[in-house]
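Chemist: Provided below for reference: sequence and predicted model.
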Amino acid sequence: MLATRVRLSDLPEGALATFDQADVDLPMQRLLGSLGFTAACQVRLCKSGEPFIVRVRSSRIGLSRALAAAIYVIPTNGSI
Amino acid sequence: MPVPAAGGAAVASVPAVRRILLLGNPNTGKTTVFNRLCGARAKTANFPGTTVTFRIGQAFLGEGRPLQVVDLPGLYVLDTDADEARDARSLLLGDDNHRRPDAVVVLVDASNLVRNLMLVGELRAFGVPVIVCLNMTDLATRRGVEIDAGRLANRIGARVVPMVASKGIGMAALVHELEAVFAAGCPPGEPSDLPAPGASIEALAAWADTIAAEVVRQRGTLDEIDRRTDQVDRVVTHPVAGTAIFVAVMGGLFWALFELAAVPMDLIEVTFGTLGSFARAWLPAGALQDLVTDGVIGGIAGTVVFLPQIMLLFFLISLLEDTGYLARAAFVNDRFFRRFGLPGQAFVPLLTAHACAIPGLMSTRLIPDKRDRLRAILVLPFMSCSARLPVYVLLTSLLFADRPGLAGLAFAGAYVLGAAAAFVTAAVFGRTLVRGRPRPMVLELPSYKRPSLMNALFTARDQGLSFLKTAGTIIFAISVVMWWLSAYPRSAPPADVLALRAQASAPGLPVDEAARLAAEADALEGRAAQASSFAGRLGQFVQPVFAPLGFDWQLTDAILTSFIAREVFVSTMSVLAGASDTADVDEGVIQRIRTMTREDGGPVFTRATSASALVFFVLAMQCLATLAVTRRETGGLKYAAIQLGYMSGLAWAAAFVVYQGLRLAGIG
């Protein structure tokens, strides 16, 4: 599974993926978790660039480029 | 985190006034529900020892029974180190002498059930009856979301009220459910799969996912439904289009701030001027009359005059926030702000500081990272507040006497210089005093929706009252002290004043001539009184410090008295110029100030002195009230002292460079 993971910032717009992990400090991990980034949850990249906009479950979250590059996801197919 | 026992027991004894907490994620409509329940019967308060604010108001149940409603700041989870979460836990547990609530009303965004249910899952462990308001069901329907409310109530073991709070739909049902909870507590038969007390975010999310899968029916895919939001977001966060939109929105906001607020501000000045005249007419001449008219009425007027701008600003910010645009604007700014060590969220405080630094300092609370917030607090007073405006008008008029175009440019330049100083200083502090890069930004982007006029009105009212309470008391106290320093000790009228008065009262003198001489005597007496006052003496004592900037003792005195409030500079200069004591910058006053002379007979205001004074006013920390609020917001004197030190130091150095540079260039 680890071999297929990519940075969220490397996903093409409109792509679906499942959240794998975030390479950030603990407070940021907790903040991401409280915003819905939990193990294997589905995310959709709505917009790339600064800011990256993703849909996590039903929430729309804006992320700075640095943060999007620190989040690892596993691309999937389909729509949510 | 202290973990209570699970369970939703009814309250044992019945208190006279029931108390409920409003909780929920940000942007779920909590404020709307609070305003609908309490209307104007509300006030803002602080948790003791923290900067976390909450609102407390009174609502009514059936037969007019009172209900106390506490509205807490929006939060995603309770189990974090954030101040808001800690205070919410403390209230829920009844710690720190807080009275435990009789029920908690949780606002849940119906179109985003899973993330919102995580908070409900945490709350159920606190043993307080919970009512879930399934808000914004209209938006949810538009996103193709259908929720079986009855089934949801059974699965979470709490009462559920579908509502559209912005339209008042569901409010009566909420009151009805509150009555039912107070009468009977939680529904019997608690679900067996509630998250355990202290459950992890992962466990809470898994529980919420399971429930959502059972109670939510999604029509169509969100990809199709959110396409329009995607398109709008692409434009408003675009590097070029997004920035242009932001500039246009802020331009409109500033226009409104300075144009629309001008009328009530003028009205306030006229009202207090009239009040002062009445007091002067009714009270016997002497110290009491001066204290009431100049100290008390002048001090209150100096505070209240900012109210229209502050209330209008928060009214407009609230409208913008409700639309969902502000979160996007934060990202647009983040690109630029980040280079200087400030987060995108700092733009609202920096914007607010253009009306007054004090509400700006208070609104830095929305910056999540403490070091980011500290940097914003330290540089925020560089932004040109309204109190600097009359000073800018006076000094730019003196600088470019007959060239209004250049004066206008200098005026705009003063604003740009203040903002530039703020950003550069933030970058320097990020590498020295408050080291670190701003935390990478992550923000929920709320759905676009029509703003609530009611929320905006109540926000403006609350912020206005909060300003009067926190800033008003400080400004008022400082005004009285500074008035005393400017008015005492009293000195006997100089000989030339007595001579002029004697001439004015000479028999046979035409009435016009007598009036002219009397006015001249009054002006001379005012000037002499100012010179011999404590503030005047201090001005003369510290003048050598300001001499390299081109300031004589009169200009130094005016700068010292402007610590009352910056615009007092104008009235002090006016007194020293021998005009009446006025804060209005009209052409007559400017002309008299322009012709003021130094002890050696040279002009007080050369072009170099005017430019140097303007730069000094842009950069200097001349507001004791701001320092007092900085001290409170940072929890000690240290950062207030640093703020005073570097701002004053920078102002002196920059004014020195300008004055000496212009003189070297032959511009005297």
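Modeler: Structure's in. What do you need?

Chemist: Which positions in the stretch 351-500 of chain B make contact with chain A?
Modeler: B:368, B:439-447 (Cβ under 8 Å from any Cβ of the partner chain). C-beta here means a position set from N, CA and C on the backbone, and glycine is covered the same way.

Chemist: out of those, which one sits closest to B:D522?
Modeler: Set against B:D522, the nearest of those by Cβ to Cβ is B:P368 (56.8 Å).

Chemist: From B:D81, how far out is that closest one?
Modeler: Going from B:P368 to B:D81 by Cβ to Cβ, to the nearest Å gives 11 Å.

Chemist: Please say which of those two ends up with more neighbours.
Modeler: B:P368 (16 against 10; other Cβ atoms under 10 Å in any protein chain shown).

Chemist: Can you name the residues that contact that one?
Modeler: B:P368 sits next to A:31, B:82, B:345, B:439 when contact means Cβ atoms under 8 Å, 6 or more residues apart in numbering or on different chains.

Chemist: Where neighbours are concerned, which of the residues of the stretch 351-500 of chain B next to chain A has the most?
Modeler: B:M441 (26 neighbours).

Chemist: And for that one, nearest residue in space, chain neighbours not counted?
Modeler: A:S64 (4.5 Å; Cβ to Cβ, 6 or more residues apart in numbering or on different chains).

Chemist: for the residues of the stretch 351-500 of chain B next to chain A, which one is nearest B:R227?
Modeler: B:S447 (13.7 Å).

Chemist: Doesn't the closest one belong to a helix?
Modeler: No. B:S447: not assigned to a helix; according to DSSP: H, G, I helix; E, B strand; the rest coil it is coil.

Chemist: Which single residue of the stretch 551-668 of chain B ends up nearest chain A?
Modeler: B:G635 (19.8 Å; Cβ to the nearest Cβ).

Chemist: phi, psi of the residue nearest to B:M441?
Modeler: Main-chain dihedrals, A:S64, degrees, to the nearest 10: phi -70, psi 160.

Chemist: Which residues are in contact with it?
Modeler: Contacts of A:S64 (Cβ under 8 Å, 6+ apart): A:50-52, B:331, B:334, B:338, B:440-442.

Chemist: rewinding a little: most widely separated two among the contacts of B:P368?
Modeler: Most distant of those, by Cβ to Cβ, are B:A82 and B:Q345, 14.4 Å apart.

Chemist: Would you tell me which residues of chain A are close to chain B?
Modeler: Applying Cβ under 8 Å from any Cβ, one finds that chain A approaches chain B through A:14, A:24, A:27-28, A:30-36, A:38-39, A:41, A:44, A:46-47, A:49-51, A:53, A:55-64, A:66-67, A:70, A:79-80.

Chemist: just to revisit the earlier point, and B:A82 and B:Q345? which has more neighbours close in?
Modeler: Neighbours per residue (other Cβ under 10 Å) separate B:A82 from B:Q345, with B:Q345 holding more: 27 against 19.

Chemist: Got the confidence number for the more buried one?
Modeler: Reported pLDDT at B:Q345 in the predicted model: 88.

Chemist: can I assume it sits in a helix?
Modeler: Yes. Under three-state DSSP, B:Q345 falls within a helix.

Chemist: Next up, the contacts around the closest residue to it other than its chain neighbours.
Modeler: Leaving aside its chain neighbours, B:Q345 sits nearest to B:I367 (4.9 Å; criterion: Cβ to Cβ, 6+ apart). Residues in contact with B:I367 (Cβ under 8 Å, 6+ apart) are B:343, B:345-346, B:349, B:373, B:376.

Chemist: wait, which of those is closest to chain A?
Modeler: B:P343 (9.4 Å).

Chemist: Farthest pair within the residues of the stretch 351-500 of chain B next to chain A?
Modeler: Farthest pair in those (Cβ to Cβ) is B:R439 and B:S447. Separation: 25.0 Å.

Chemist: what about the residue of the stretch 451-600 of chain B found nearest chain A, which helix or strand?
Modeler: As assessed by Cβ to the nearest Cβ, chain A sits closest to B:P451 within the stretch 451-600 of chain B, at 18.3 Å. Using DSSP states H and E, B:P451 sits in no helix or strand.

Chemist: Quick check: the gap between the residue lying closest to it once chain neighbours are set aside and B:N27.
Modeler: Counting by Cβ to Cβ, 6+ apart, B:D322 is the residue found nearest to B:P451 once chain neighbours are left out, at 3.5 Å. Distance of B:D322 to B:N27, computed by Cβ to Cβ: 9 Å.

Chemist: of those two, who's got more company?
Modeler: Between B:D322 and B:N27, counted using other Cβ under 10 Å, the more crowded position is B:D322 (24 against 21).

Chemist: What distance do you get for that one to chain A?
Modeler: Using Cβ to the nearest Cβ, to the nearest Å, we find B:D322 at a distance of 16 Å from chain A.

Chemist: One more: B:A262?
Modeler: From B:A262 to chain A the distance is 36 Å (Cβ to the nearest Cβ).

Chemist: Strands of chain A, residue ranges please.
Modeler: Assigned by DSSP state E, chain A shows strands spanning A:6-7, A:16-22, A:42-47, A:52-56, A:59-63, A:71-76.

Chemist: Could you tell me whether B:D79 really is in a helix?
Modeler: No. Counting by three-state DSSP, B:D79 falls outside a helix, being coil.

Chemist: wait, isn't it in contact with B:A85?
Modeler: Yes. Between B:D79 and B:A85 there is a contact under Cβ atoms under 8 Å: 7.1 Å.

Chemist: Could you check which of those two is surrounded by more residues?
Modeler: Each of B:D79 and B:A85 has its neighbours counted (other Cβ under 10 Å); B:A85 has more, 21 against 17.

Chemist: Tell me the gap between the helix or strand that contains that one and the middle of its chain.
Modeler: According to DSSP H and E, B:A85 maps onto helix B:83-93. Chain-centre distance of helix B:83-93: 25 Å, with Cα atoms, centre = their mean, to the nearest Å.

Chemist: Sheet-wise, list the partners of the helix or strand that comes right after it with their directions.
Modeler: Downstream of helix B:83-93, the first helix or strand assigned by DSSP H and E is strand B:103-109. Here strand B:103-109 has these sheet partners by DSSP bridges: strand B:18-24 (parallel), strand B:130-135 (parallel).
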